[in-house]
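Enquirer: following is a predicted model, sequence given first.
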Amino acid sequence: MKNLITRAITGTFFIGIIIGAILYSKFTLLALLVTITTLTLTEFYKLIERNNFQKLTLLVNLLGGNYLVLALYLSASNILSEAYNGIIFVPYLIYIICCFIMQLYMKDKDPITRWSHSFLGQVYIALPLGLLSYLAFEPTSSFLFYNPWLILSFFAFIWINDTGAFLVGSSIGKRRLFERISPKKSWEGFWGGIVFNLVLAYFLSSQFNVLSQFEWYGLAITVSVFATLGDLCESLLKRTLQIKDSGSILPGHGGMLDRFDSVLLATPAVVVYFYLCY
């Protein structure tokens, strides 16, 4: 009971911060993305480099990841003129160059692993979190206008999918979805998450006209499928590292990776979905 109360308090606080930051302004959204990126990247690099952790490399990777988030935000929001859309990514290219050059001066026994870890964190975490910006600006207006409801809907689909999968899976789940990676997940829970999201999509389609009804349904299914796959990928990561939780920053919920695992794969999938729609 104590653990359930802790989970409920932490979850409410966690969701409240996300909703508040998104609704308040486009600049608090950026602050939220930078904060999440910093915490999640730090957790990730500490996990996979436990035996060879270097603070200098962490600092460089954090700067690179956060700059990628900022550059994607500036590109998506179109705050800068089109002439700067390409230039804003130049510092990130410098980061990539620095990652390679740094290993010439560091005495790592396995520089290939170091490079792999650095760029995995960028692709797995920083890039998807940066792409969230493309959900926050009106897609029908060349991303010119801030629209908090679309990105909030995305997070709502993530949360409702998790809730539906848990409720259905714990009630009638029998057939394992990926027993080798996550023994508790079931096909019944997977379909339950989709059904819950379709119900939410029907409600959202009656309230917001940024997407057609069928586009809302497509978004719901896309999020459900790739959120589940994202969860499984993080489970594979933890199983490989032989850990239960990615961290302890969120009491009762684990670490940042545990909370954003679904987002990391669902975000690029949804961006692709929107580009196909428009």
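Expert: Sure, I can see it.

Enquirer: helix, strand, or coil at Ile151?
Expert: Put simply, Ile151 is helix when judged by DSSP: H, G, I helix; E, B strand; the rest coil.

Enquirer: let me see the contact set for the closest residue to Pro183 other than its chain neighbours.
Expert: Using Cβ to Cβ, 6 or more residues apart in numbering and skipping the chain neighbours, the partner closest in space to Pro183 is Arg176 (6.5 Å). In this view, the C-beta of every residue, glycine as well, is placed from N, C-alpha and C. Taking Cβ atoms under 8 Å, 6 or more residues apart in numbering, we find Arg176 in contact with Pro183, Lys185, Ser186, Trp187.

Enquirer: burial count for Gly11?
Expert: Residues near Gly11, counting by other Cβ atoms under 10 Å, number 15.

Enquirer: where's it, which helix or strand?
Expert: Gly11 is part of helix 2-24 when elements are defined by DSSP states H and E.

Enquirer: list the helices and strands that helix packs on?
Expert: On a contact count with 3 or more Cβ pairs under 8 Å, 6 or more residues apart in numbering; DSSP states H and E, helix 2-24 meets helix 26-48, helix 148-172.

Enquirer: can you give me the angle it makes with helix 26-48?
Expert: Here helix 2-24 runs at an angle of 140 degrees relative to helix 26-48 (axes from the mean of the first three to the mean of the last three Cα atoms, to 10 degrees).

Enquirer: go through helix 2-24 and flag the buried ones.
Expert: By 16 or more other Cβ atoms under 10 Å, the buried positions in helix 2-24 come out as Thr10, Ile18, Ala21, Ile22.

Enquirer: now the two most distant members of the residues you listed.
Expert: Greatest spatial distance among these (Cβ to Cβ): Thr10 and Ile22, at 18.9 Å.

Enquirer: run through who's touching stretch 201-220.
Expert: Counting by Cβ under 8 Å, 6+ apart, 138-140, 147, 149-150, 153-154, 156-157, 194, 197-198, 200, 270, 273, 277 sit against stretch 201-220.

Enquirer: buried subset of the residues you listed?
Expert: Buried members of those, scored by 16+ other Cβ under 10 Å, are 139, 147, 150, 153-154, 156-157, 194, 197-198, 200, 270, 273.

Enquirer: these: which two are farthest apart?
Expert: Farthest pair in the buried ones among the contacts of stretch 201-220 (Cβ to Cβ) is Asn147 and Ile194. Separation: 24.9 Å.

Enquirer: and the angle from the strand or helix carrying Val69 to helix 26-48?
Expert: Using DSSP H and E, Val69 sits in helix 55-77. Per the same axes, to 10 degrees, the angle that helix 55-77 makes with helix 26-48 is 150 degrees.
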